Structures are given as C-alpha cells and as structure tokens.
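Visitor: pasted the sequence and its predicted model underneath.
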Amino acid sequence: MTEPGWLFALYFVLFPVIGAAALWVVKLIVDWGAATLSWLPFEDIVKFLASIPDPQATLGALALGAAGGLFVAFMAKYESLEVLVSPEGITLTRKGESRTIPADRVNGAFWDGKALVLLGRDGGELARETSDLKEGPVHETLTAHGYTWLDGDPYREEFRRWVEGVPGLPPGADALLKARAKALEKDDAHDIAELRDELARLGVVVRDHKKRQHYRLVERSPGDE
C-alpha cells in the first residue's frame, strides 16, 4: 500500500506550477524594485537580476521554479510511507529504509489520528508511522491477511503526561524523554523516532500531543527484543 497515485501525480504537476509562478512573481518584483526602489537591500543584486534580458529572464525564472517544485514533489514521494502486508509479516518502508515485523509478533493494529500503530504481544507498540494513507484500505488489507484490527488504542487510558522527574520510570527513561522533548521542539524527526525506539526498548510507550509527551509502561521480557 502506498499513498494514492493520483496524489503524487498532483504533486508532480502542482508543485512545479507553483514554483514557476512564484519565481515569475519574484522576477516581476525584481524588475519593479530595480526601477523604483533604490533603497532595497542587496540593491546591486536586484539590479543585476533586472538587467538579464527577456525572454531569457522569464524563461529562466519559470524553469528554476519548476525545477524547485519537482524537487519538492520527489521529496514528498521519498518521505511517504509504503506498507507491504503478507501472512508472514508487515514491511514498512520510508526514505529507502525498510523494516519487517513478523506476523507472530503483531497482536493488533489500529489508526490513531494520521498514524498506523502496530501493537505487540506484550502491549508495546511495534510501530507508529504517520502517513497520508487512508484508514479504510489499510484496515481491509490487514484483516484480509489475518491481522486483528482494533477500533482504537486499548491502552489509551493508561497514558500519563510526562514531566521531568516523574517517579516510576525505568532507569534512563527520564533522560531519554527529556532529550526527546528537545527534539520535538526542534521538529527533529530523526531524533524523535530514534528516541522513541530507545524508550520502547526500556518498556516505555510514548505518544505525542501538541509537542507534549504522554507515556505508559510495558512489562518487557527477553523475547520481546
């Protein structure tokens, strides 16, 4: 399963058009500014850009804008989530990296906002992946291959908001949650995901709401790694 093909087709048409239009507007502003606004910052650069004759300047602006739009579209495709489901396991692929979760480890799946969540046998989360996939097709595909679909998070009431120094956490978990809070403030997706995995290994499940972390604890056993 991937995000709808029509959505990516729209990206590859719409983003280049928006990019081209944006640079065309910039070109018009440069022409106007060079002629009337001598106080503009970078006045020499503005005058140089305005000195490029048409149609070369307009065509160049349109081409650069379209190229920028295509780059954005490719990045959207690259960062999208692909889900491959089989009776043997569920493979999640994003940014060229894949991981497969064996079927015998998956106790259920549910949709949480814009995230697909896979629960393990111990109640921990094996995966929490945000995407623009639609819940209906994901639900149908997973159940068709024998996976249990849940109406929602059966552990929702167990989550508590994390504050630094909260008692009862496993050793090291508080420091990881503190580091992850900083990553959330910076929107550092790599650190956010990596620290979630570190916490999961300690038996701490974490979910976010408006950059606030909520957690619950899971009993881990050696076979859960």
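Guide: Good, I have the coordinates.
Visitor: would you double-check that Lys182 falls in a strand?
Guide: No. Looking at Lys182 with DSSP: H, G, I helix; E, B strand; the rest coil, it is helix, so not inside a strand.
Visitor: what about it, neighbour count?
Guide: Neighbour count of Lys182, defined by other CB atoms under 10 Å: 12. Backbone N, C-alpha and C define where each C-beta goes, glycine included.
Visitor: pLDDT score assigned to it?
Guide: Looking at Lys182, its pLDDT is 96.
Visitor: after the helix or strand harbouring Ala109 comes which helix or strand?
Guide: According to DSSP states H and E, Ala109 maps onto strand 106-112. Using DSSP H and E, the next helix or strand after strand 106-112 towards the C-terminus is strand 115-120.
Visitor: for that following strand, C-alpha coordinates in CSV please.
Guide: Extracted in CSV, the C-alpha atoms of strand 115-120 (Å, rounded to 0.1, in the frame of the first residue of the first chain):
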residue,chain,number,x,y,z
ALA,A,115,-0.7,7.2,12.3
LEU,A,116,-0.8,3.4,11.7
VAL,A,117,0.0,1.7,15.0
LEU,A,118,1.0,-2.0,15.4
LEU,A,119,0.8,-3.5,18.9
GLY,A,120,3.0,-6.3,20.1
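Visitor: tell me which strands and helices whichever helix or strand comes after that strand is in contact with?
Guide: Moving toward the C-terminus from strand 115-120, the next helix or strand (DSSP H and E) is strand 125-130. On a contact count with 3 or more CB pairs under 8 Å, 6 or more residues apart in numbering; DSSP states H and E, strand 125-130 meets strand 89-94, strand 115-120.
Visitor: buried set for strand 125-130?
Guide: The neighbour-count check on strand 125-130 (16 or more other CB atoms under 10 Å) flags Glu125, Leu126, Ala127, Arg128, Glu129 as buried.
Visitor: hang on, the earlier thing: winner for burial among the helices and strands packed on strand 125-130?
Guide: Burial of those is given as mean neighbour count (mean count of other CB atoms under 10 Å); strand 115-120 ranks first at a mean of 20.
Visitor: would you mind splitting the chain into its domains for me?
Guide: Annotated domains of the chain cover 5-79, 81-152, 155-225 [automatic domain parsing].
Visitor: redo the buried residues of strand 125-130 as JSON lines? Include pLDDT and distance to Ile192.
Guide: What follows is these, written out as JSON lines (pLDDT from 0 to 100; distance: CB to CB, whole Å):
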{"residue": "Glu125", "pLDDT": "95", "distance to Ile192": "14"}
{"residue": "Leu126", "pLDDT": "95", "distance to Ile192": "17"}
{"residue": "Ala127", "pLDDT": "94", "distance to Ile192": "14"}
{"residue": "Arg128", "pLDDT": "93", "distance to Ile192": "11"}
{"residue": "Glu129", "pLDDT": "92", "distance to Ile192": "12"}
